[in-house]
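Q: next come a sequence and a model predicted from it.
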Amino acid sequence: MTQLPRAVALLRKGIDGLDDAMLLLLAGRRRLVGGLSAVKRRHGLPAGDAAREQAVLARGDRLARHLGLPPALVRGQLALLIEDGRRVQGLAATAAAGGDGTASANTHPGVTMGHSNAGRLLRWFPPPHRWAPLVARVPAAWQRALLERVVAQLLSGPLQDGELGFLCGRRIGIEVRDLGLRWVLGVEEGRLRALDGEAEASVRGTATDLLLLASRLEDADTLFFQRRLELTGDTELGLTARNLLDRLPWESIPLAARIALNRASRAARAAREAHCTG
């Protein structure tokens, strides 16, 4: 069997990671739609909302232009999501789909792209700094709630064992340079919380490198030695936090979180390397 070039294998891994990430997002979207349907019924609201569906498509058109994506591809994917949302809510298919509730072939010509086209898309996948203006529009309260949930899940073991006691009354920051994100974490009432104010120590890096660190695909020593990660402020506090992460048994992290982190990290790394070689 002929061995594939490293670039091909790398790009395919990145594509697989993005595929997995999209499926995870799809599962989350369906849960939200189910919750929305229940709220509508409770308040006596109609399940269907044609104006909302058109607003989703219009927003997709604007985002497609911003990201340089083919409008037909984006509109086709959103049409599929809208039809799936209608099915989740027990509604009939709209004209955007075929009679059986599935989107028609000519509404989303980009769905059948081959691996070569997907590889080119990965190379042109917008780097994190291009996402910064969009991320900035996410309400800070939502960012903090998501961060608390993710970090609490990853560090549930040390938190229960009292290993995070050194963070009581202390503040440690995480800065994602290319996304323009900055959070401050601390322990309050036995829980990890996102806090206001300045951090006493901060870990700063790109989204890709922080993902690689969190997923254990690269170790902290290498990232700090290569200056891809920086530690600022109270060095002792920062090193204590870093050493805790180094000792954290990877197996103690929930399997779903490990898979998501691993896939997302590989996809991000593959996209970065594709950008560098494209």
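A: Perfect, thanks for sending it.

Q: return the set of buried residues in the longest strand seen in the chain.
A: Taking DSSP state E as the criterion, the chain has its longest strand at strand 181-188. By neighbour count on 16 or more other C-beta atoms under 10 Å, the buried set for strand 181-188 is 181, 183, 184, 185, 186, 187. C-beta coordinates here come from the backbone N, C-alpha and C atoms, glycine included.

Q: quick check, pLDDT for the fourth one.
A: I take that to be residue 185. pLDDT recorded at residue 185 is 88.

Q: for the one 4 residues further on, same thing?
A: The predicted structure scores residue 189 at 80 on the pLDDT scale.

Q: which phi and psi does residue 191 have?
A: Main-chain torsions, residue 191, degrees, to the nearest 10: phi -130, psi 150.

Q: quick check: chain neighbours aside, which residue is closest to it?
A: In space, residue 191 comes closest to residue 152 once its chain neighbours are excluded; the distance is 6.9 Å by C-beta to C-beta, 6 or more residues apart in numbering.

Q: and the helix or strand where the one you found lies, how far out from the chain's middle?
A: Residue 152 is part of helix 140-154 when elements are defined by DSSP states H and E. Computed by C-alpha atoms, centre = their mean, to the nearest Å, the chain-centroid distance of helix 140-154 equals 12 Å.

Q: touching that helix from outside, list them.
A: For helix 140-154, the external contacting residues (C-beta atoms under 8 Å, 6 or more residues apart in numbering) are 159, 181, 183, 185, 191, 192, 193, 194, 214, 253, 254, 257.

Q: give me the buried subset of the residues you listed.
A: Judged by 16+ other C-beta under 10 Å, buried ones among the contacts of helix 140-154: 159, 181, 183, 185, 192, 193, 194, 214, 253.

Q: pLDDT score for the nearest residue to the fourth one once chain neighbours are set aside?
A: Leaving out its chain neighbours, the residue that sits closest to residue 185 by C-beta to C-beta, 6+ apart is residue 172, at 5.5 Å. pLDDT recorded at residue 172 is 90.

Q: quick check: phi and psi on residue 172?
A: phi -120, psi 140.

Q: over to residue 201?
A: According to degrees, to the nearest 10, residue 201 has phi -140, psi 150.

Q: that one: neighbouring residues, count only.
A: 20 (other C-beta atoms under 10 Å).

Q: do you know the pLDDT at it?
A: 91.

Q: cool, the one 10 residues further on as well?
A: The predicted structure scores residue 211 at 86 on the pLDDT scale.

Q: which residues touch the one helix or strand it maps to?
A: For residue 211, the enclosing helix or strand under DSSP H and E is helix 207-214. By C-beta under 8 Å, 6+ apart, the residues outside helix 207-214 that reach it are 128, 154, 174, 176, 178-179, 203, 205, 218-220, 223, 228-229, 245, 261, 264-265, 268-269, 271-272.

Q: for it, C-alpha coordinates in CSV please.
A: Only the C-alpha atoms of helix 207-214 are listed here, as CSV (Å, rounded to 0.1, in the frame of the first residue of the first chain):
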residue,chain,number,x,y,z
ALA,A,207,-6.0,29.7,20.7
THR,A,208,-4.2,26.8,18.9
ASP,A,209,-1.4,26.6,21.4
LEU,A,210,-3.7,26.7,24.4
LEU,A,211,-5.8,24.0,22.9
LEU,A,212,-2.7,21.9,22.3
LEU,A,213,-1.8,22.4,26.0
ALA,A,214,-5.2,21.5,27.3
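
Q: got the angle for that helix vs strand 181-188?
A: 30 degrees (axes from the mean of the first three to the mean of the last three C-alpha atoms, to 10 degrees).

Q: wait, what's in contact with the spatially closest residue to residue 206 that is not a sequence neighbour?
A: Excluding the flanking residues, the one nearest residue 206 by C-beta to C-beta, 6+ apart is residue 178, at 4.9 Å. By C-beta under 8 Å, 6+ apart, residue 178 lies in contact with 127, 128, 129, 132, 206, 207.

Q: quick one: neighbours of the second one, just the number.
A: Think residue 128. Counted with other C-beta under 10 Å, residues neighbouring residue 128 total 20.

Q: got it, and the fourth one?
A: Burial measure for residue 132: 16 neighbouring residues, criterion other C-beta under 10 Å.

Q: cool, and the first one?
A: The tally of other residues near residue 127 (other C-beta under 10 Å) stands at 16.

Q: I appreciate the help and will end here.
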